[in-house]
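> heads up, no residue letters with this:
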């Protein structure tokens, strides 16, 4: 007997939908716990929650991983795993396993969304018994709550924008997380703050430093409306000039400056 359990994708705050066509064997949601194999000595590949050949996976904090448990009473042997797109190997894993049960994860964060991938897993035990599992993998991202802002800009005499609120330099939204914005550019000594709009100074909300002349090593910020203030800014000190990647994580309420 072998439990046909799902390959799990793990990462943060979203829902992934994994479409799978099981070529070797498949089962409904009601009877997946009891699948009879032709070769009862073959090693087992455990997966979870297959319903009508579609796998529904939740996305948690651990990162984007394809995970599975492999088991064999006589001892595990060789694992061969490939994820292919149009016959071109995107991910290929060949390794020896030790023991009678192994939980394993594969990083799939580099896969394209809404793109079909052919996944093949072949497991050999110490007695040369073989088990295979083949399916089609399609990852689609169902976003969580929308971010409060669709745009963020940098202004200030320490920034490439200067004090130009009409056409300031924009941050880039992270493709897989609309709550995270990044900007890479040169900072000189002086002040900076962040707007959620372009136009006139009082037209929208600002992300201001929590205190005046705040160090760029401090991640705290406050949200202010229009020209109501307080108009606190971060200060880039003499000697701190250079190219920085600035990341604003709205969900974590953090601003980080990393010198490149």
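Perfect, thanks for sending it. None of these values were measured; they are calculated from a predicted model.

> Does residue 205 touch residue 228 like I think?
No. Using C-beta atoms under 8 Å as the test, residue 205 is too far from residue 228 to be in contact (9.8 Å). Every residue, glycine included, has its C-beta placed from N, CA and C.

> Neighbour count for those two, which is higher?
Legend: neighbour count by other C-beta atoms under 10 Å for residue 205 and residue 228, higher for residue 205 (16 against 10).

> Per-residue pLDDT of the more buried one, please?
With respect to pLDDT, residue 205 has a value of 98.

> ok, it - contacts?
Neighbouring residues of residue 205 by C-beta atoms under 8 Å, 6 or more residues apart in numbering: 149, 195, 196, 197, 223, 224, 225, 226.

> which residue sits closest to it, ignoring its sequence neighbours?
Leaving aside its sequence neighbours, residue 205 sits nearest to residue 196 (C-beta to C-beta, 6 or more residues apart in numbering; 4.8 Å).

> Low-confidence ranges, this protein, go.
1-39, 47-64, 139-144, 176 (pLDDT under 70).

> my read: residue 105 touches residue 81, true?
No. Residue 105 is not in contact with residue 81 according to C-beta under 8 Å; the separation is 11.0 Å.

> The stretch 1-150 of the chain: helices as residue ranges?
Under the criterion DSSP state H, counting those that start in this stretch, the stretch 1-150 of the chain contains no helices.

> could you pull out the strands for it?
8-10, 14-19, 44-46, 50-51, 54-59, 65-71, 76-85, 88-96, 101-107, 116-125, 130-142 (DSSP state E, counting those that start in this stretch).

> what's in contact with the following helix or strand past the last one?
Using DSSP states H and E, the helix or strand that follows strand 130-142 in sequence is strand 153-155. Contacts of strand 153-155 with the rest of the structure, by C-beta under 8 Å, 6+ apart, involve 160-165, 168-171, 183, 185, 192-198, 246.

> try stretch 174-184
Here stretch 174-184 makes contact (C-beta under 8 Å, 6+ apart) with 13-14, 141, 143, 146-147, 150, 152, 154, 169-173, 243-251, 260.

> run the last query once more with 6 Å
147, 152, 154, 171-173, 245-251 (C-beta atoms under 6 Å, 6 or more residues apart in numbering).

> Buried residues in that stretch, which are they?
Residues of stretch 174-184 classed as buried by neighbour count (16 or more other C-beta atoms under 10 Å): 177, 178, 179, 180, 181, 182, 183.
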